[in-house]
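> Here you go, sequence then predicted model.
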Amino acid sequence: MMNHHLGGRHQQQQLPYHLSNTLIGYLNLATLLASIPIIGAGLWLAHASSSSPSSSTTCQSALQTPLIAIGFVSLLTSLPGFIGARYHVAWALRLYLALLLLLVLSLLGATAFGLAVTAGGGGTPVPGRPYREYRLRDYSPWMRRQVETDKLWRPALACVVGSGACPRMAAWTPMDYMEHDLTPVQSGCCKPPTACTYGTGSNGGSLQQTQVQVQEADCYRWGNDPGVLCYGCESCRAGVLEQLRRHCHGLTLLNAALLLVLIVVCAVGCCAFRNARRTELAAYGGMAKIHPRWDYFCARWWRGRREQLY
């Protein structure tokens, strides 16, 4: 009866050991295998953008740096985690936990930054219309800087033109604008601001501006030409910022969820590290393994060289 009781107690003590190491091992194996196609996709986008610099590849090339970074971080983090959990190597798990801690701190900073820069925006409702209009002044200074310089704005404008958002509205009637919702890019880049006043000319119903009242600057930047439209308007830059703000806000929520997952993984990793340390202690008869100081091997090499000389 006593042996049976001790055996059951021993199995209960071994259960967390198998569970934590198995979870960390399989999790890091899956992350390790997933990092390879992620790195390959990033390298493929880099090759495609360098070989054919069109507008579509310009938009896709914006993804290459995050993909390559995510792939290499996943590879470098999951490799010591898998080795440490599978082969009970304490130093590998220690490195894995240190890398996880850096990831948690980085995600925490990125989440706080994302919440700060995406606080503004959202657009202003247009009375009697289902869509919103956007102004640059509603966004944070950091976001405005992303579209104020031509170096950053030209690739973004190339993505807007290459997306084909405006040609889909070319055949719309005034009634369509009353019934259909618009994306931020369509609202800011494909039409003039709703407050603008235009008159109808005699050249086939084309729109001509009547300067009978003071209007905002975007009203004078608008043109009927499909290559002009409102691409030079501040509202177009604001529409692109709104699209960017929505993506950043969704990414911030994803970072917050990933942060919670990493905290749970860190807790399981600590259990796996403790079990690996117990394995090392059991291998050395219950005594801690003694690691020599950094100068031990140098002194040993120097003594060997001195004995050869003398």
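Now that the structure is in, tell me what you want to look at.

> and Asp181, backbone torsions?
Main-chain torsions, Asp181, degrees, to the nearest 10: phi -80, psi 160.

> Can you name the residues that contact it?
With contact taken as CB atoms under 8 Å, 6 or more residues apart in numbering, Asp181 is in contact with 130-131. Glycine gets a C-beta too; all of them are placed from N, C-alpha and C.

> Could you measure from it over to Gln243?
Distance check for Asp181 against Gln243: by CB to CB, to the nearest Å, it reads 14 Å.

> Next: Ala112.
From Ala112 across to Gln243, the span is 22 Å (CB to CB).

> just Cys189 next, same as before
10 Å.

> got a list of what the closest residue to Phe82 other than its chain neighbours touches?
Leaving aside its sequence neighbours, Phe82 sits nearest to Asn28 (CB to CB, 6 or more residues apart in numbering; 3.9 Å). Neighbouring residues of Asn28 by CB under 8 Å, 6+ apart: 77-79, 81-82, 85, 96.

> Surely Asn28 is within a helix?
Yes. If the criterion is DSSP: H, G, I helix; E, B strand; the rest coil, then Asn28 is within a helix.

> where's the residue nearest the centre of the chain, which helix or strand?
Computing the C-alpha centroid of the chain and ranking residues by CA atoms, centre = their mean puts Leu251 first, at 6.0 Å. Using DSSP states H and E, Leu251 sits in helix 234-283.

> Same check on Ala41?
Taking DSSP H and E as the definition, Ala41 sits inside helix 2-51.

> any idea of the mean pLDDT for that helix?
Confidence for helix 2-51, expressed as mean pLDDT, is 68.

> how near is the nearest residue to Leu75 once chain neighbours are set aside to Tyr198?
Nearest in space to Leu75, with sequence neighbours left out and distances taken as CB to CB, 6+ apart, is Ser35 at 4.1 Å. Applying CB to CB, the value for Ser35 to Tyr198 is 54 Å.

> Who has more neighbours out of those two?
Ser35 (20 against 15; other CB atoms under 10 Å).

> ok, so what distance separates the more buried one from Cys159?
Taking CB to CB, one finds Ser35 at 27 Å from Cys159.

> Hmm, Thr118 and Cys248 touching each other?
Yes. Cys248 is in contact with Thr118 according to CB atoms under 8 Å; the separation is 5.1 Å.

> more crowded one of those two?
Ranked by neighbour count (other CB under 10 Å), Cys248 and Thr118 place Thr118 first, with 22 against 17.

> And that one, its phi and psi?
The phi/psi pair for Thr118 (degrees, to the nearest 10) is phi -100, psi 20.

> show me what contacts it?
For Thr118, the contact set (CB under 8 Å, 6+ apart) comprises 140, 143, 245, 248-249, 252.

> likewise Arg129?
Counted by CB under 8 Å, 6+ apart, Arg129 has contacts 177-178, 194.

> cutoff 10 Å now
Residues counted as contacts of Arg129 (CB atoms under 10 Å, 6 or more residues apart in numbering) are 177-182, 187, 194.

> Tell me the first helix or strand C-terminal of the helix or strand of the chain with the lowest mean pLDDT.
Ranked by mean pLDDT, DSSP states H and E, the weakest helix or strand in the chain is strand 207-209, scoring a mean of 44. Downstream of strand 207-209, the first helix or strand assigned by DSSP H and E is helix 217-221.

> mind listing what's buried in that following helix?
Neighbour-count burial for helix 217-221 flags 218-219, 221 (criterion: 16 or more other CB atoms under 10 Å).

> Mind giving me the packing neighbours of that helix?
Helices and strands touching helix 217-221, by 3 or more CB pairs under 10 Å, 6 or more residues apart in numbering; DSSP states H and E, are helix 234-283.

> Which secondary structure elements does the helix it packs on sit against?
If contacts are counted by 3+ CB pairs under 10 Å, 6+ apart, helix 234-283 sits against helix 2-51, helix 64-87, helix 90-117, strand 132-133, helix 141-148, helix 150-163, helix 184-189, helix 217-221.

> and these as a markdown table, adding distance to Pro125?
A markdown table is the format used below for the helices and strands packed on helix 234-283 (distance: least, CB to CB, whole Å):
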| stretch | distance to Pro125 |
| --- | --- |
| helix 2-51 | 38 |
| helix 64-87 | 33 |
| helix 90-117 | 23 |
| strand 132-133 | 6 |
| helix 141-148 | 21 |
| helix 150-163 | 23 |
| helix 184-189 | 11 |
| helix 217-221 | 18 |
